[in-house]
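# below are the sequence and a predicted model; questions follow.
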Amino acid sequence: MNASEITQKGKIAKEASRKLALTSTKVKNYALERMAEALEKNAKVILDANSVDLQAGEKKGLSRALLDRLALDGKRIKGMIEGLNVVKSLPDPIGEVISEWERPNGLKIKKVRVPLGVIGIIYEARPNVTVDSAALCLKSGNAVILRGGSDAIQSNIEIANTISEAAYAAGVPEGSIQLIHDTKRETAEELMKAREYVDILIPRGGKSLIQTVVQKSQVPTIETGEGNCHAYVEKTADLKMATEIVYNAKCQRPSVCNAIETLLVDDLIAVEFLPIIKKKLDENHVELRGDAKAQKILPGIKAATEEDWRTEFLALILAVKVVSGVDEAINHINQYGTKHSEVILTKDKKSAKKFQDEIDAAAVFINASTRFTDGFEFGFGAEIGISTQKLHARGPMGLPELTSYKYLIEGNGQIRIV
């Protein structure tokens, strides 16, 4: 009986990970450089493959949000290339001495960063994840097994072939970057059980995918993604600034996890601010769903349901609630949020500090769009995902978050007596 694709590629990845952990920074950086060059050279082939995926997606009836995530163009290819170049420029975390000390008995102890090993990525219709994941895993000394969704399979195959061939030509161990071509559900579930080969599994996609992986995986998992994010406009806010930030956070790219889904407005400014923000959001045909107070101020908007407060719409829909102050805003967010990204718009430093101190989320902003919760925007070059849990990492995951550590101890004959 032939071994499955997961078993075959898992064995190769495990062997490659041991070699990659010892690969020099110089070789890894050269590989990233060659990968960027290869993407630029093969851009047309990749875009042609992406067109095939998009046509199939349209026939299949994929939502506008999913098609947006799936689509590639020259700008997004350039973004991938830029991400590779930024990752190349970042310090290599492997071998970094996190701390060191000497015990009274003379033992010298160092805590040193090491790769995690083999990282499995299960993701949906975002081909750029293929590049981001490969780049970060390579630089952090980890082999990667990529399992994208069927909607992006042609794009992913061309991208993975392009960057892996370039990396191997630059001296990276073969098998360090591998894509699973079989997109059946059973193959994904097999990857979730591949503890013999995979050290960490990271899901990237919608709520359904993430929860499936978290519930079914036998491999340690880092939960990422779902973003029921909020903007709270506090009574002292600069309303012009608040309008621009709320509009950007909702409309700039509504299909992604760091877009806001609920707007909370202080009741002392709601009568003034809600008509202003509605007029602005109307420019992009945003559907508002409000509580009773919001409906009174904005007659004609839909009534928000209990489910709306919990929903990551990933679309031009925004739930709106009028609150009595910062305490009610904080309580609402901590009850309904997904611990992703939250923002307060305010001039009051005391309210801003209280909001940042008491909100339980990976990223808490003051007077800036939640759209900045992103590995590239944080200066990480790219991200492997945005963790919404507290172990082992939180927020956008860059190079340091893809490492573990080990202790290196040096003695000169010490033995333990007690």
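Arrived safely. Numbering: from 1, shown residues only.

# for E96, which non-adjacent residue is spatially closest?
Counting by C-beta to C-beta, 6 or more residues apart in numbering, E96 lies nearest to R113, which is 4.5 Å off, once chain neighbours are set aside. C-beta here means a position set from N, CA and C on the backbone, and glycine is covered the same way.

# may I have stretch 113-129 as PDB, with CA atoms only?
The C-alpha coordinates for stretch 113-129 follow below in PDB (Å, rounded to 0.1, in the frame of the first residue of the first chain):
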ATOM      1  CA  ARG A 113      16.000  30.400  20.600                       C
ATOM      2  CA  VAL A 114      15.500  27.300  18.400                       C
ATOM      3  CA  PRO A 115      13.000  26.500  15.600                       C
ATOM      4  CA  LEU A 116       9.700  24.700  16.400                       C
ATOM      5  CA  GLY A 117      10.500  22.100  13.800                       C
ATOM      6  CA  VAL A 118       7.800  21.300  11.200                       C
ATOM      7  CA  ILE A 119       4.900  23.800  11.000                       C
ATOM      8  CA  GLY A 120       1.700  22.800   9.200                       C
ATOM      9  CA  ILE A 121      -0.500  25.600   7.800                       C
ATOM     10  CA  ILE A 122      -4.200  24.900   6.900                       C
ATOM     11  CA  TYR A 123      -5.700  27.800   5.100                       C
ATOM     12  CA  GLU A 124      -8.400  28.800   2.700                       C
ATOM     13  CA  ALA A 125      -8.600  31.100  -0.300                       C
ATOM     14  CA  ARG A 126      -5.700  33.500   0.300                       C
ATOM     15  CA  PRO A 127      -2.700  32.600  -2.000                       C
ATOM     16  CA  ASN A 128      -0.500  35.200  -0.400                       C
ATOM     17  CA  VAL A 129      -0.500  33.000   2.700                       C
END
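
# okay, buried residues for it please.
By 16 or more other C-beta atoms under 10 Å, the buried positions in stretch 113-129 come out as 113-129.

# same thing with stretch 7-15?
Buried, per 16+ other C-beta under 10 Å, within stretch 7-15: K9, G10, I12, A13, K14, E15.

# what's the mean pLDDT across that stretch?
Across stretch 7-15, pLDDT averages out at 98.

# next one: it to chain centre, how far?
25 Å (C-alpha atoms, centre = their mean, to the nearest Å).

# now tell me what touches it from outside.
Stretch 7-15 is contacted by residues 3, 117-118, 143-145, 173-176, 178, 180, 194, 196-198 when judged by C-beta atoms under 8 Å, 6 or more residues apart in numbering.

# for the stretch 1-150 of the chain, what spans make up the helices?
5-20, 25-41, 43-60, 64-70, 74-89, 128-139 (DSSP state H, counting those that start in this stretch).

# residues in contact with D360?
Going by C-beta under 8 Å, 6+ apart, D360 touches N334, G337, K339.

# next, count neighbours for the closest residue to L316 other than its chain neighbours.
Of all residues not flanking L316 in the chain, V286 sits nearest, at 4.7 Å (C-beta to C-beta, 6+ apart). Close neighbours of V286, defined as other C-beta atoms under 10 Å, add up to 19.

# N331 too?
So N331, with other C-beta under 10 Å, has 12 neighbours.

# again with R34
Neighbour tally, R34, other C-beta under 10 Å: 20.

# just the element for V322, please.
Using DSSP states H and E, V322 sits within strand 317-323.

# which residues are in contact with that strand?
232, 250, 260-267, 270, 274, 281, 286-291, 293-294, 297-298, 301, 304, 308-309, 311, 329, 332.

# can I get it as CSV, trimmed to CA atoms?
Output of strand 317-323 as CSV, limited to C-alpha atoms (Å, rounded to 0.1, in the frame of the first residue of the first chain):
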residue,chain,number,x,y,z
ILE,A,317,-22.5,45.3,7.4
LEU,A,318,-22.0,47.1,10.7
ALA,A,319,-23.7,46.6,14.1
VAL,A,320,-24.3,49.8,16.0
LYS,A,321,-24.9,50.3,19.7
VAL,A,322,-25.2,53.4,21.9
VAL,A,323,-23.5,53.0,25.2
